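Undergrad: below are the sequence and a predicted model; questions follow.
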Amino acid sequence: MASNPLADISPSPAVHEKTGIEAINDALVLCLQRDPTTLLIGEGVPDPKGIFGTTSGLRQRFGPQRVLDMPLAENALTGICIGAAISGLRPIMVHQRIDFALLAMDQLINNAAKWRYMFGGQARVPLVVRCIVGRGWGQGPQHAQSLQSLFAHIPGLKVVMPVFPDDAKGMLCAAVADDDPVIFIEHRWIHPLRGKVPTGYFETPLGKARRCREGSDITIAAFSYMTLEALSAARGLARLGIEAEVIDMRSVSPLDVPAVLRSVAKTGRLLVADTGHQSFGVAAELIARVTRQGFDHLRAAPASVTLPDLPCPTSHAWAGHYYPTAATIAEQALQVCGVRIGEAQRQELDKLQPDTPTDIPNPDFRGPF
Amino acid sequence: MASNPLADISPSPAVHEKTGIEAINDALVLCLQRDPTTLLIGEGVPDPKGIFGTTSGLRQRFGPQRVLDMPLAENALTGICIGAAISGLRPIMVHQRIDFALLAMDQLINNAAKWRYMFGGQARVPLVVRCIVGRGWGQGPQHAQSLQSLFAHIPGLKVVMPVFPDDAKGMLCAAVADDDPVIFIEHRWIHPLRGKVPTGYFETPLGKARRCREGSDITIAAFSYMTLEALSAARGLARLGIEAEVIDMRSVSPLDVPAVLRSVAKTGRLLVADTGHQSFGVAAELIARVTRQGFDHLRAAPASVTLPDLPCPTSHAWAGHYYPTAATIAEQALQVCGVRIGEAQRQELDKLQPDTPTDIPNPDFRGPF
Amino acid sequence: MDELFRQMLRIRRVEEALAERYAEQEMRCPMHLCIGQEAAAVGVVSALAEDDRVFSGHRAHGHYLAKGGDLTAMIAELYGRASGCSKGRGGSMHLIDTDAGFMGSTAIVGGTVPVAVGAAWASQLRGEGRVVCLFFGDGCFEQGVMHESMNFAALHRLPILFVCENNHYAVYTPLEERQPGRPIHAIASAHGLHVQELDGNRLHTVRTAADEAVHRTRAGDGPQFLELHTWRWREHCGPDIDDHLGYRAPEAQADWLARCPIEQEAARLRALGLLDDIGRQHIENAIQHEIDCAFDSAQRAPLPRVEDMYRHLHGQ
Amino acid sequence: MDELFRQMLRIRRVEEALAERYAEQEMRCPMHLCIGQEAAAVGVVSALAEDDRVFSGHRAHGHYLAKGGDLTAMIAELYGRASGCSKGRGGSMHLIDTDAGFMGSTAIVGGTVPVAVGAAWASQLRGEGRVVCLFFGDGCFEQGVMHESMNFAALHRLPILFVCENNHYAVYTPLEERQPGRPIHAIASAHGLHVQELDGNRLHTVRTAADEAVHRTRAGDGPQFLELHTWRWREHCGPDIDDHLGYRAPEAQADWLARCPIEQEAARLRALGLLDDIGRQHIENAIQHEIDCAFDSAQRAPLPRVEDMYRHLHGQ
Ligand SMILES: Cc1ncc(C[n+]2csc(CCOP(=O)(O)OP(=O)(O)O)c2C)c(N)n1
Ligand SMILES: Cc1ncc(C[n+]2csc(CCOP(=O)(O)OP(=O)(O)O)c2C)c(N)n1
Ligand SMILES: [Mg+2]
Ligand SMILES: [Mg+2]
């Protein structure tokens, strides 16, 4: 999973091969450089590990006033960043796990999301909250949640989940430049992913999906890391004669429903893959929207592949059952396409099973953190 | 809206006419009476207003140790109730506004929802959190949210929203008797609603919808207060020759999808009405589930009636536009049924517009609180 | 100091007028009056510079007016008008007047606490020399965010004044049912803040303490904490007097009424020869006139347009 | 006191064994070792009665073992086995042994703080006479929930011991970057708790202070607070020593290593004639044997069955 299956479709000319970590670090450097009102704060931001390397070197470069650690007080610090934001600064806050953002829901939902609206547009909150989804290595029930659905339900919050390094960079720049609060969610299995990344500052618009693969038989709309699994699934499906169109949604809110509708108008079938829980989640919203607006295009019931409605158990023995894979997606896609799963299908699905242990993204990935 | 349109279908023989407030008070008395481990705590619980009257008289009756006020510290107090619950007590916690529960998301999501699971079933959290949705009288952006979708997304939390007094009583008893955490959401416009309520202790199972009206043309699945609007809408629709089946969902999680599927199998059409925001909300989940499991029954695209994706503005001038009514539901239902809205329809829809000011449930309802 | 007396009286008369007209049911939003607590608002805010910032919570009318917030815009906001200070979106619990440096009050107890600290942080980072002043109640002090915020403010020595208006109640609940018997300001002191505890109903005392605190924090001494003892005269929320409910001892109530911040200050000014009946009547008349005009103009202002409801969720 | 020395040594040896075998990558979960902090766990817990309760956070192995938690079940949990103390669902950060009175440790910093207070409240309401003991770090003290919890505990005079293991760091961040220069225990004291501050690496001192605190709280004196100064020897999370990263001053590190709680206690026992080389070797051997058996049995235990993953979300 560490090689970018999209390597060939990266657009720009002046590009370098980078990991997600390097791309995010790049974006932070550029944002801190071009706008002196930008701040970066979070538990571990200036420490030797630098939030998995994404913030390494930044304190040295931009000084301890603009790049700083914080007390363990997620709620107040979120409010403090809101206060700084309405006072003309642009704070970027980091949570090493999105689970920690649950301590700050009051400030995020009651204040950040509403401040501009409830004061009639007389103030604005240009705040970015980077949240990392901590899959793998036994993170367990309180360190592996993928909570995008909670934030996406709140009017006033934008929620984005890039996958590829170029998007991670461009969307982080766009989020920092945005005058409203953005929840920027990084699945940690996108961190080691390599891809071509344009040099210099650029912004990738928030709210736009990206088609990663063309296909005519079924649309697979995927969020965050599931895009990678979907692309693998699509390759397996192709060998079974099914051409899947894969869309990397990139944003959760705003949600690019038109992009999915266009695709479903062609394929007539929809499968949504998300990194969060099944019920009341992101997949349900996309299915509902497509059903409402594209009912006549649908030739079969849409389906989804998500986490089960269950806290994440720690034991590595369960990881492969808790987390859906390319094989899960391919199997669901076959069902949506009405293909009976015979011997050929079973063999192809088996090939899609991961070859690394199911609690790590690749052999380089090590515990404990 | 203060008279119960369901008066005739109440089941039990030994019944009294009660308001929602009285029914809840009843339930609390019975729960505190039958199990000495039950506690009731919340800001305002023992005060002269007694949480809109729902807790009046309870301190006097059960003493200050079991019925008590609390400091303004929603997060710790939730955790404290969890600690009491795992130690063998059954706390009932009350928030005068569900918005205040946002301060306690860490304890609710990271602890209450997961404690039993993450310790392998060796502990349990019999906790009820009563949350009131504060519609009307200019409650505004931070006092009028309807956040059921956030809780429903979390495995391990049950979420219920009764409407009718008998359900308010029976489901509150069931919630208190439940060995797992239950978020019990009371829309405050159900408080003054009158209805027949069986006397004595009884439990109404959580997770079961209730059909309030039979019909063959469209299924309207409604949550909480929207059930009342849906029933009014159904009466208007009937005058236009459309027979709507109205289902009071009662529970959000577990969600009684089978009940809706059964109905849609008959009607072929679905409209969902919820008190929360549109996107990533409860309506999307129900539409997605019915579409997945009942696709072949659907004769038209399902639709929903919800709040817009917007914080609640305070001015009473906007209340009628922010909150959908029976007329909104009826209009959507006509569209789902493919009925063109002509003169007759317009007149009927106009009749469904509320005759009280749109920021209060009935003329008796007064500010400021 | 004459002017400060006028300001207190103005806040009192504004709120009395609000209370009187609330029954008309045209101000359709929850409203928390600060009648009886005017000395805290005026005494502290008058020690600030015009360019300093103020934040508050649900009981904010006095702070807004003391900081120079527009009276007509506030009343229009309560009437749900498009010209309201929050454009009809906020009501009494969400006031703002950025021109006056009143940066916002909100309805969640504790909600503005860290936001104010963030504003002070911004002032420090940008070297603006601005002081931020935050008002909150004794109940708010129980919220964890309060302590997290004091810790951060002390850590970074931020230019901020924490002003606790201790009126001994949160809604109907007395302090003793919510906090153990130890002083609030002692905790702030243990957090490393410079603290003062005083009678919040004596304008003069409040002003002197605030002067010192503002001076200190502007000079780089870090966060300051004032605990002001005071008393709310009316019900927690709404226009009425609710003594009949009996949740507060009648003696305490009588005692605090006798210590009216306005009449105490009037007596002081009289004793100094700075105020007499005629002078007071002049002030009263001018205030009454201003209030009448403000209500008049607020009530004649148009309600917001339907199509504007969706504006201002996001920028652009 | 001999037994307490043994318990400290046992915790040390267990964690050293965990560290050694962690590289095999069979314990696939984050792990926070308490090597260097053993005196806090053993000194405090030994002052409790068997029926008392203990809660902890992410760095919980020592507290679990000191309270009598099952060693094999803990190791099995780290190996993700069905027989783990949390049935494979928790890993190192979620330990429980209700039989031993170890009621739970969790991964969110501050998460168990109010839960422990709630357990103390239950003990009080039911007249059980049980004391609850809560362990947490200096970083945890910054969380608002800590202050909300102390307030409630003081208000109701609950039978609870707050034990702050102040190791001066949260991950790589020193206290000075997170808190202003004032003592932690002074804030607890201002909240109305009875406090003691002491060298957390001296078993004897810790035990004496804990005895007093437990006695007081059981007698109805309300919540007690111990601030124990100590030092974590290894990296924040994981098995290694990370001195090469340079985030802690080498002198401080050397100083604290010299104040090893185990060797200090060993020296004391020797001086008293209660321990000699042979005696120590006996203890070491017995511990080693117990550890080997525990690893052996944990590693041979079956992994959880796929179909059991869905169990225990709800009751019944
Ligand atoms: C988080 C939260 N909890 C509860 C409430 C309900 N509430 C509004 S004001 C209030 C009392 C506040 O007391 P205090 O801080 O002393 O201010 P006072 O009203 O006395 O001025 C309460 C409980 C709220 N608005 N927000
Ligand atoms: C709410 C929350 N924020 C951040 C973290 C990440 N984290 C885990 S341990 C830790 C440091 C805790 O420091 P302290 O309380 O002093 O305990 P110590 O690790 O020093 O024993 C942090 C920041 C977390 N688990 N939970
Ligand atoms: Mg008060
Ligand atoms: Mg520490």
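TA: Received, thanks. Ligands and ions are numbered 1, 2, ... in the order given.

Undergrad: all helices for the chain, in order.
TA: Looking at chain A here, since you left the chain open. In chain A, the helices defined using DSSP state H lie at A:20-34, A:58-62, A:74-86, A:105, A:115-118, A:148-152, A:165-177, A:226-239, A:257-267, A:282-294, A:316-322, A:326-336, A:343-351.

Undergrad: please go with chain C instead
TA: Counting by DSSP H, the helices of chain C are C:2-22, C:38-45, C:61-66, C:71-78, C:112-125, C:144-155, C:184-190, C:203-218, C:250-258, C:261-271, C:277-300.

Undergrad: looking at the stretch 51-200 of chain A, which residue is nearest ligand 4?
TA: Residue of the stretch 51-200 of chain A nearest ligand 4, by Cβ to the ion: residue A:72 (9.5 Å). Backbone N, C-alpha and C define where each C-beta goes, glycine included.

Undergrad: residues in contact with that residue?
TA: Counting by Cβ atoms under 8 Å, 6 or more residues apart in numbering or on different chains, residue A:72 touches A:43, D:109-110, D:139-140, D:142-143, D:170, D:178.

Undergrad: for chain C, state which of those is nearest.
TA: Lowest distance from chain C to the contacts of residue A:72 (Cβ to the nearest Cβ) belongs to residue D:142, with 5.9 Å.

Undergrad: leaving out chain neighbours, which residue sits closest to the closest one?
TA: residue A:71 (4.0 Å; Cβ to Cβ, 6 or more residues apart in numbering or on different chains).

Undergrad: pretty sure that neighbour contacts residue C:155?
TA: Yes - using Cβ atoms under 8 Å, residue A:71 makes contact with residue C:155 at a distance of 7.0 Å.

Undergrad: for ligand 2, what's its nearest residue on chain C.
TA: Of all residues in chain C, the one sitting closest to ligand 2 is residue C:148 (11.5 Å; Cβ to the nearest ligand atom).

Undergrad: rewinding a little: want to throw the helices of chain C into TSV with mean neighbour count, mean pLDDT and distance to residue B:341?
TA: Shown next, in TSV, are those (neighbours: other Cβ atoms under 10 Å in any protein chain shown; pLDDT from 0 to 100; distance: least, Cβ to Cβ, whole Å):
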stretch	mean neighbour count	mean pLDDT	distance to residue B:341
helix C:2-22	19	97	41
helix C:38-45	30	98	54
helix C:61-66	28	98	46
helix C:71-78	25	98	37
helix C:112-125	28	98	46
helix C:144-155	29	98	50
helix C:184-190	22	98	61
helix C:203-218	20	98	63
helix C:250-258	12	96	60
helix C:261-271	17	97	60
helix C:277-300	14	97	37
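
Undergrad: of all those helices, which one is nearest chain D?
TA: helix C:144-155 (2.0 Å).

Undergrad: ok, the residue nearest to residue C:49 when sequence neighbours are not counted to residue C:125 distance?
TA: In this structure, residue C:49 finds its nearest non-sequential neighbour in residue C:131, 7.2 Å apart by Cβ to Cβ, 6+ apart. As defined by Cβ to Cβ, to the nearest Å, residue C:131 lies at a distance of 15 Å from residue C:125.

Undergrad: which parts of the stretch 1-150 of chain A sit against ligand 2?
TA: A:43, A:72, A:74, A:96, A:100, A:103 (Cβ under 6 Å from any ligand atom).

Undergrad: nearest to chain D among those residues?
TA: Using Cβ to the nearest Cβ, these come closest to chain D at residue A:72, 4.5 Å.

Undergrad: what number of residues lie near the residue nearest to residue D:142?
TA: 22 (other Cβ atoms under 10 Å in any protein chain shown).

Undergrad: and what of residue C:244?
TA: Neighbours around residue C:244, by other Cβ under 10 Å: 8.

Undergrad: contacts only, for it.
TA: If a contact means Cβ under 8 Å, 6+ apart, then residue C:244 has no contacts.

Undergrad: and the pLDDT for residue A:9?
TA: Listed pLDDT for residue A:9 reads 46.

Undergrad: residue C:261 - nearest residue in space that isn't next to it in sequence?
TA: Sequence neighbours aside, residue C:39 is the residue nearest to residue C:261 in space, at 3.5 Å (criterion: Cβ to Cβ, 6+ apart).

Undergrad: how about the residues of the stretch 1-150 of chain C by chain B?
TA: By Cβ under 8 Å from any Cβ of the partner chain, the part of the stretch 1-150 of chain C that sits against chain B consists of C:22, C:25, C:28-31, C:80-81, C:84, C:86, C:88-91, C:93-94, C:106-111, C:139-140, C:142-144.

Undergrad: and the closest residue to ligand 4 within the stretch 201-350 of chain A, how close does it get to residue B:234?
TA: The stretch 201-350 of chain A approaches ligand 4 most closely through residue A:314 (23.1 Å), counting by Cβ to the ion. Residue A:314 sits 49 Å away from residue B:234, taking Cβ to Cβ as the criterion.

Undergrad: wait, what's in contact with the residue of the stretch 201-316 of chain C at minimum distance from chain D?
TA: At 8.0 Å from chain D, residue C:222 is the closest residue in the stretch 201-316 of chain C, using Cβ to the nearest Cβ. Contacts for residue C:222 (Cβ under 8 Å, 6+ apart) come out as C:153-154, C:157-158, C:192-194, D:180.
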